[in-house]
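Engineer: Provided below for reference: sequence and predicted model.
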Amino acid sequence: MEGPISAAIIAAGIGATALGLLTTLAEASTGVHDALEWSASVGPLSGKTTLAVVVWLLAWAVLHMVLRNKPYETVRALVISSVLIALGVLGTFPEFFQLFS
């Protein structure tokens, strides 16, 4: 069964997308920016990365439970994850997130 492997791969993409989304939201909203500033020396990066890791771990746990006994094509998981990672990376580029500031 490739379900657990696919779960981990897709969860990585979800985590990357979460980081990109949080980066864009922090730039677009001073309220989100301030809420994510958990450490004055690091700024909102501390909240963005911590929440992205939490999202990744939760996604991995949920997807593992859903896919653990199911045959799931690893290639499909890689395509899904690649798209999600690309969206996440896009959200971290200043040229993109400054459109919302």
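Structural biologist: All right, it came through fine.

Engineer: how long is stretch 31-39 from one end to the other?
Structural biologist: 15 Å (CA to CA, to the nearest Å).

Engineer: average model confidence for that stretch?
Structural biologist: For stretch 31-39, mean pLDDT rounds to 93.

Engineer: Any buried residues in it, and which?
Structural biologist: Using 16 or more other CB atoms under 10 Å as the test for burial, stretch 31-39 gives 32-33, 36-37. Every residue, glycine included, has its C-beta placed from N, CA and C.

Engineer: for this protein, what are the low-confidence residue spans?
Structural biologist: 1 (pLDDT under 70).

Engineer: residues touching residue 59, list them.
Structural biologist: Taking CB atoms under 8 Å, 6 or more residues apart in numbering, we find residue 59 in contact with 10-11, 14-15.

Engineer: burial count for residue 61?
Structural biologist: Using other CB atoms under 10 Å, residue 61 has 12 other residues around it.

Engineer: State the helix or strand in which it lies.
Structural biologist: Using DSSP states H and E, residue 61 sits in helix 45-67.

Engineer: So which bits of that helix are buried?
Structural biologist: 47-49, 51-52, 55-56, 59-60, 63-64, 67.

Engineer: which one among the residues you listed gets closest to residue 28?
Structural biologist: Closest to residue 28 out of the buried residues of helix 45-67 is residue 48 (13.0 Å), distances taken as CB to CB.

Engineer: How much space separates residue 42 from residue 28?
Structural biologist: 20 Å (CB to CB, to the nearest Å).

Engineer: ok, those two, which is more surrounded?
Structural biologist: residue 28 (15 against 12).

Engineer: So residue 84: helix, strand or coil?
Structural biologist: helix (DSSP: H, G, I helix; E, B strand; the rest coil).

Engineer: what does residue 69 give?
Structural biologist: Per three-state DSSP, residue 69 ends up coil.

Engineer: next helix or strand past the helix or strand residue 80 falls within?
Structural biologist: Per DSSP H and E: residue 80 is located in helix 74-92. Using DSSP H and E, the helix or strand that follows helix 74-92 towards the C-terminus is helix 94-97.

Engineer: Fine, thanks again, bye for now.
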